[in-house]
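S.K.: can you look at this prediction? I've put the sequence above it.
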Amino acid sequence: MFDSSNLTIKFSKQWAFCAATDKGMVRQVNEDGWQCWAERGLALVADGMGGHESGDVASAMLCESLDSAPVFSHLSERLNWIEDQVNKAHQKIRNYAKQNHGNKTVGSTLVIWVDAMPLGSVLWAGDSRLYRLREPKGALEQLTRDHSQLNEMVDRGLLTADQAQGKKGGNVITRAVGAKEQLHMETKLFEMKPTDSFLLCSDGLYNALPDEMLRQACMPGSTVEERAEILMNQALDAGARDNVTFILIEPLSQYRQGHA
Amino acid sequence: MNRQIDETQLIKVDYALEKICKAYASERISESLFRHQRAALIEVLQYPALPFPELVLNQFAQGLDDDFMQEETPLVNDYNPPVYPEEREFNPVGYYRKEDIIDQEPDPYYQEDPVSSFDRYYWLYLSAFTLAIVLFIYVNE
């Protein structure tokens, strides 16, 4: 059972952020990390690579990497700054791995949500995801695309999307911070409306639960803390084989109503 | 800044951004060019009156050979002829250039291919072989 006192809630003028993390039902160590800078409109989830050494150190380094975010007038400058900071963390992780674990790989996936109303942006590497729930239809949309071996094969035309369904290789990631010499994060731009809700999460959540449960968690109704607690308990009840981390981001009710 | 995002423009930008992200990830464009192009795409969304930028997806193909110049095609505006930078402007160290081949010294260890040698003397071999058969038949008669 997840202890609700482990939930963290932060607010900006427009958004409520509710974050939760748990080591899950199988793993001994929680290698996931999260951070959000509510007033700067930034949130991040990192998943230290399972099976590798010191994944928790890697994700912690990433969580600290954006601490000193200055104010930028242009979104492109902000994205450049974020990439520069993540690249510095990438080098730190690689140096750490070299000094402490020889040449063994230490790394972390990463997904960063950036608010630049009415635009939004997401930067990511690996298979941590960003979902958006858009009212009034209430459909859950995955905005990121996993950097996995299977997706690469689909991109190269070696497999169709249908053939890729259920094949092995979905959990083999092709990009992660700290893993290869060069890091190339992917960027996506999207429209942000005052009625949109967002879910940032590690693979431990979406592998444990069907999309419908993720969608329910993003639907407004009860408070964001209650929904976050329910979501985490559902993941743990489902046997959560991996660490589970997520941040629910939703517009404050007065902000939502003002733009409804 | 315009508070409304044009949906059609967003779809075009999204498509273009995915392309330049892939080009950057496979190191076909440099980080600075990637960032420059991404900034141009963001500007198009924020200021819809701006023309859609022509994008470079294979910066380093420029220096290889004139035959490969067409690799660099503008992504969206296919109807305007692409404006190419000066030839070999982007030629990075390590890429093959024509001058390298022209100035090359002869290789002292070069050996002629035996198959080519056979091809060159094919008619001579054939004539000798035919003559040998004719002589063999003539002697045995």
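M.R.: Okay, I see it.
S.K.: from here on, just use CA atoms for contacts and neighbour counts.
M.R.: Noted.
S.K.: who in chain B is up against chain A?
M.R.: Neighbours of chain A within chain B, by CA under 8 Å from any CA of the partner chain: B:3-5, B:10, B:14, B:17-18, B:21, B:24-25, B:35, B:38-39, B:42.
S.K.: point out the other helices and strands that the longest helix along chain A packs with.
M.R.: In chain A, with assignment by DSSP state H, the single longest helix is helix A:75-101. Using 3 or more CA pairs under 8 Å, 6 or more residues apart in numbering or on different chains; DSSP states H and E as the contact test, the elements touching helix A:75-101 are helix A:55-64, helix B:31-46.
S.K.: would you turn the residues of chain B next to chain A into CSV with secondary structure?
M.R.: Shown next, in CSV, are the residues of chain B next to chain A (DSSP: H, G, I helix; E, B strand; the rest coil):
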residue, secondary structure
B:R3, coil
B:Q4, coil
B:I5, coil
B:L10, helix
B:D14, helix
B:L17, helix
B:E18, helix
B:C21, helix
B:Y24, helix
B:A25, helix
B:R35, helix
B:R38, helix
B:A39, helix
B:I42, helix
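S.K.: what about burial for the residues you listed, which qualify?
M.R.: Those of these that meet the buried threshold are B:5, B:10, B:14, B:17, B:21, B:24-25, B:35, B:38-39, B:42, by 16 or more other CA atoms under 10 Å in any protein chain shown.
S.K.: out of the residues you listed, which is nearest to A:N95?
M.R.: A:N95 has its nearest neighbour among these in B:A25, at 22.2 Å by CA to CA.
S.K.: for that closest one, give me its contacts.
M.R.: A:184-185 (CA atoms under 8 Å, 6 or more residues apart in numbering or on different chains).
S.K.: and the helix or strand where B:A132 lies, what's its mean pLDDT?
M.R.: Using DSSP states H and E, B:A132 falls within helix B:122-140. On average, the pLDDT along helix B:122-140 is 88.
S.K.: next one: stretch A:121-136
M.R.: In this model, stretch A:121-136 carries a mean pLDDT of 94.
S.K.: now it: buried residues?
M.R.: Of the residues in stretch A:121-136, A:121-135 count as buried by neighbour count, 16+ other CA under 10 Å.
S.K.: with stretch A:164-175 instead?
M.R.: Going by neighbour count (16+ other CA under 10 Å), the buried part of stretch A:164-175 is A:164, A:170, A:173-175.
S.K.: please apply the same query to stretch B:18-38.
M.R.: So, applying 16+ other CA under 10 Å, buried residues of stretch B:18-38: B:19-25, B:27-30, B:33-35, B:37-38.
S.K.: end-to-end on it?
M.R.: End-to-end distance for stretch B:18-38, by CA to CA, to the nearest Å: 10 Å.
S.K.: for it, what is the average pLDDT?
M.R.: On average, stretch B:18-38 scores 96.
S.K.: can you check stretch A:193-206 too?
M.R.: This predicted structure assigns stretch A:193-206 an average pLDDT of 95.
S.K.: near chain B at all, that stretch?
M.R.: No: using CA under 8 Å from any CA, we find that stretch A:193-206 stays clear of chain B, coming within 9.8 Å at best.
S.K.: check the offset of that stretch from the chain's centre.
M.R.: 8 Å (CA atoms, centre = their mean, to the nearest Å).
S.K.: residues in contact with it?
M.R.: With contact meaning CA under 8 Å, 6+ apart, stretch A:193-206 is reached by A:32, A:44-47, A:111, A:113, A:117-118, A:127-135, A:214, A:218-219, A:235, A:240-251, A:255-256, A:259-260.
S.K.: restricted to buried residues, select those in PyMOL.
M.R.: Filtering the contacts of stretch A:193-206 down to the buried ones (16+ other CA under 10 Å) takes a single PyMOL command:
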select buried, chain A and resi 32+44+45+46+47+111+113+117+118+127+128+129+130+131+132+133+134+135+214+218+219+235+240+241+242+243+244+245+246+247+248+249+250+251+256
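S.K.: out of the contacts of stretch A:193-206, which are inside strands?
M.R.: Taking DSSP state E as the definition of strands, these contribute A:32, A:44-47, A:111, A:113, A:129-134, A:244-251.
S.K.: returning to that earlier point: what is the lowest-pLDDT residue among the buried residues of stretch A:164-175?
M.R.: For these, the weakest pLDDT value sits at A:G170, with 67.
S.K.: tell me what A:Q142 is bridged to.
M.R.: Here A:Q142 sits in beta bridges with A:Y131, going by DSSP bridges.
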